[in-house]
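[1] here is a sequence with its predicted model. Questions after.
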Amino acid sequence: MKAHRHFLYRMTVMAALFFAVGAGSYEHDPSKRIPNTEAVAACRFLSEFKPATAVLGVSPVANVVVAGASFDFDGDGQVERLDVRDQGTAHFEEAVVIRDGEGAEDLAGPGLEDIDEIDEDVRWAHGVRWLIHTGKAYIVRFAGNGLGYPVYLALPHVDDYEQPICRFQPVVEKWLVGEDPAGQLVCDALVDGKVEFIAPESGKGDEKSLFWRVDFMNDGRARKVSIAMLDSSAGAGCSQRIFQPADNQTDLSARLLREAQGELGHPNCADDDPRWFRFDGKTYLESRSQSPDAPRQEAQEKHTVHLIEGGSARLICRAQYSYGSPKLIGIWNGSGWRIP
């Protein structure tokens, strides 16, 4: 009888464990595990944190995440070194753990997991930082290499998988600021739609043959310009759409035009079509990223206005961006994201 009771007890415990962790392949697929309340609390902490003193251009998240720490990552009583390493010319960052006497151990990320529902913006996030919260070390992933666009929080485990916890929507505000009071009038007129944009002409009726005739030197002489595309396949790749003179590529006007639009690279990657406009008797050049008002990462934070006049190119307006606490938009439910 005693042996029978012991057998029933063992079966009851095994059944309870079975239902606690889930049936079928659940326990063999870490991506399907549902985050506990402690992990979700880390998400809410990140989305609700507000620093005592806000700094323009600095994300609140930057106050609570770290690029390195000494921490007992796996709970074995030994302190490991948590670090972030830059990976290759594309500058993707990866979280690593350095154990005493061993080399850096890369942690599996969402790009390595076969999770279709993880979403591309998470899978290809560039930046990584650590969040130490209530005795656990979490990974926070960012869309770009800065800290303004957090998109994802996960709990890395020692058995080489990354547990999805939650998703964020970055909160970003943008406005145009003049370099001086006169420049602010130009910025405000542009934002309010009170400028006159200069339309292109077309010689053949197709986009490639578009050109503009504009007095961009503001010297009373209209010059012919067209759009050129600069491309680089180095690193993560880069492209820039710029105006260039249709005729002489070596004179002062060409140099000033190039100076006003910037060199190829951040923040000039993924540029949109630049535009010419007239305001108060002068011609201005507007340069923008593909989504200057709703950027998805720091590389898209570009919106400038230049005036070429008197033999120089002068910055008139530039965009400024401020970051709020990210909005919590999804919590992992075992197979996808549920609304918080």
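    Yep, that arrived. Owing to the predicted nature of the structure, the values given are computational and were not obtained by experimental measurement.

[2] got the buried residues for the longest strand seen in the chain?
    Secondary structure of the chain per DSSP state E: the longest strand is strand 312-332. The neighbour-count check on strand 312-332 (16 or more other C-beta atoms under 10 Å) flags 313, 316-319, 321-326, 328, 330-332 as buried. Yep, even glycine has a C-beta here, placed from its N, CA and C like the rest.

[3] out of those residues, who's nearest residue 184?
    Nearest to residue 184 out of the buried residues of strand 312-332 is residue 317 (C-beta to C-beta; 7.9 Å).

[4] state the pLDDT value of the closest one.
    At residue 317, the pLDDT value in this model is 97.

[5] can you pull the contacts of it?
    176-179, 183-184, 186-187, 190, 303-305 (C-beta atoms under 8 Å, 6 or more residues apart in numbering).

[6] any idea how far stretch 139-154 is from the chain center?
    Once both centres are worked out by C-alpha atoms, centre = their mean, to the nearest Å, stretch 139-154 turns out to sit 7 Å from its chain's centre.

[7] please, where are all the strands along the stretch 201-340 of the chain?
    All strands of the stretch 201-340 of the chain, identified by DSSP state E, counting those that start in this stretch, fall at 201-202, 210-214, 223-232, 238-245, 275-279, 282-288, 303-309, 312-332, 337-338.

[8] how about CSV for those strands, with distance to residue 128 added?
    Formatted as CSV, the strands of the stretch 201-340 of the chain follow (distance: least, C-beta to C-beta, whole Å):
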stretch, distance to residue 128
strand 201-202, 47
strand 210-214, 42
strand 223-232, 24
strand 238-245, 22
strand 275-279, 36
strand 282-288, 29
strand 303-309, 28
strand 312-332, 15
strand 337-338, 20
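
[9] least reliable of the ones you listed going by mean pLDDT?
    Across these, strand 201-202 has the smallest mean pLDDT, namely a mean of 80.

[10] adjacent strands (with direction) for that one?
    Sheet pairing here is set by DSSP bridges, and for strand 201-202 it gives strand 210-214 (antiparallel).

[11] give the buried residues for the partner strand.
    210, 212, 214.
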